[in-house]
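J.: Sequence and computational prediction follow.
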Amino acid sequence: MHFGKSIYALILFTLTDLLIPGSAFADVLFMKNGDRITGDIKRVWDDELYIDSDYADEFPVALDAIARIESDEDFEIELRDHSETTGRFVSDPSGAMVLVTEDGARPFTPMAIEELNEFDDEFDWDARSDFSVNATRGNTDTSDFLWQAAGGVKMGDHRHQLGLRFDYKEQEGEATKEHNKVDYLYSWFFADRWFLSAGIGYERDPIRELNYRYTPGGGVGFQFFEDAHRLFEISLSTIGVREKLADVIQDSTALRWGLRYERQLLGGDLAFFHNHRLWSYINGRTNTVADTSTGIRWDVWEDIYLNTQFDWDWESDPAAGNEQEDITYAIGIGIEFD
């Protein structure tokens, strides 16, 4: 009996791909109270399914109120036992819900879903840019303007990331702060969660007498998870450091530890993030450098968000006459592209 149902589901799955390409028809939720909701399923998070329909913006539906689901595209699915699979939902001849994957078809219920995300194909990209007005203390106790942007492209096992930061303050026609950063990183995921990386960074802060600092290097990292709701990865790299500090050019080697963490909250309307890097020089001059950024992004309309963050930069051996620590509090607005 179950074998017959599986064959039927597989045939239906194949015909769907051949006869109805792309999103020719939408996903359907059959509710326990008899209602039917049609739209595009976006994700399942915290026992709620989020769907975007023609008559309403994306909204949540409680999983325990859904009798069955039909979908026209594959999803990345995490089950209650924390196993993962990719597949779509169809109905068998009796009207029961079936999950169809590459391994076959099996009976299924909505409450078996722990998390669900739209299928991540071989190419994916995202970017964001925000502008903030800041209050700072440290080497420059004043207000300043902060523009920062970040973007990434993922193609199969390959990932490219670019970050830009421009922090500037001008008082009475003179610059009192001018801190610029550019970072590029390439990563290759050679195993399930492991990746090798190589990149280069550039930093300039003439107010602190850092004329320039180049940091090319490479290393290895481990990604604990990455999906629509969360990201957590760590890395360890060896980098070369060429810098001109107080008009003196110096070459050094350093070990650098990095961490990236992001968590979606309130159904994705709120995002908490924390990024930090810590590197210690192992030859050349004696120095330890740390930079961290912790904050919250809050979606306010479409792709527009409010951004509030706390940045802490520290250097054990800055140029003479400069403080070790810079602290930045920023509140601003940004836009996300994907």
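T.: Structure received.
J.: Check which residues of stretch 264-271 are buried.
T.: 264, 267, 268, 271 (16 or more other CB atoms under 10 Å). Bear in mind the C-beta positions are built from the backbone N, C-alpha and C, glycine included.
J.: ok, the third one - contacts?
T.: Remark: with contacts taken as CB atoms under 8 Å, 6 or more residues apart in numbering, residue 268 is in contact with 43, 45, 50, 228, 229, 299.
J.: Quick check: closest non-adjacent residue to residue 210.
T.: Using CB to CB, 6 or more residues apart in numbering and skipping residues adjacent in sequence, the residue nearest residue 210 is residue 245, 5.7 Å away.
J.: and the one you found, how many neighbours?
T.: Neighbour count of residue 245, defined by other CB atoms under 10 Å: 22.
J.: next one: residue 49
T.: 23.
J.: Pull the helix or strand hosting it out as PDB, backbone CA atoms only.
T.: Here residue 49 sits within strand 48-52, counting by DSSP states H and E. Presented in PDB, the C-alpha positions along strand 48-52 are these (Å, rounded to 0.1, in the frame of the first residue of the first chain):
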ATOM      1  CA  GLU A  48       5.000  28.900  12.500                       C
ATOM      2  CA  LEU A  49       5.000  28.800   8.700                       C
ATOM      3  CA  TYR A  50       5.400  32.100   6.800                       C
ATOM      4  CA  ILE A  51       3.600  32.500   3.500                       C
ATOM      5  CA  ASP A  52       3.500  35.400   1.100                       C
END
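J.: Would you indicate which residues of that strand are buried?
T.: 48, 49, 50, 51.
J.: For the residue nearest to the last one when sequence neighbours are not counted, name its beta-bridge partners.
T.: Right, residue 51. Nearest non-adjacent residue to residue 51, counting by CB to CB, 6+ apart: residue 39, 4.4 Å away. Applying DSSP bridges to residue 39 gives these bridge partners: residue 27.
J.: Residue 39 contacts residue 49, correct?
T.: No - if you go by CB atoms under 8 Å, residue 39 and residue 49 don't touch, sitting 10.4 Å apart.
J.: so what strands line up beside the top strand by length along the chain?
T.: Taking DSSP state E as the criterion, the chain has its longest strand at strand 248-265. When pairs are called by DSSP bridges, strand 248-265 turns out to pair with strand 230-245 (antiparallel), strand 270-283 (antiparallel).
J.: Relative to residue 183, which of the ones you listed is closest?
T.: strand 270-283 (9.3 Å; CB to CB).
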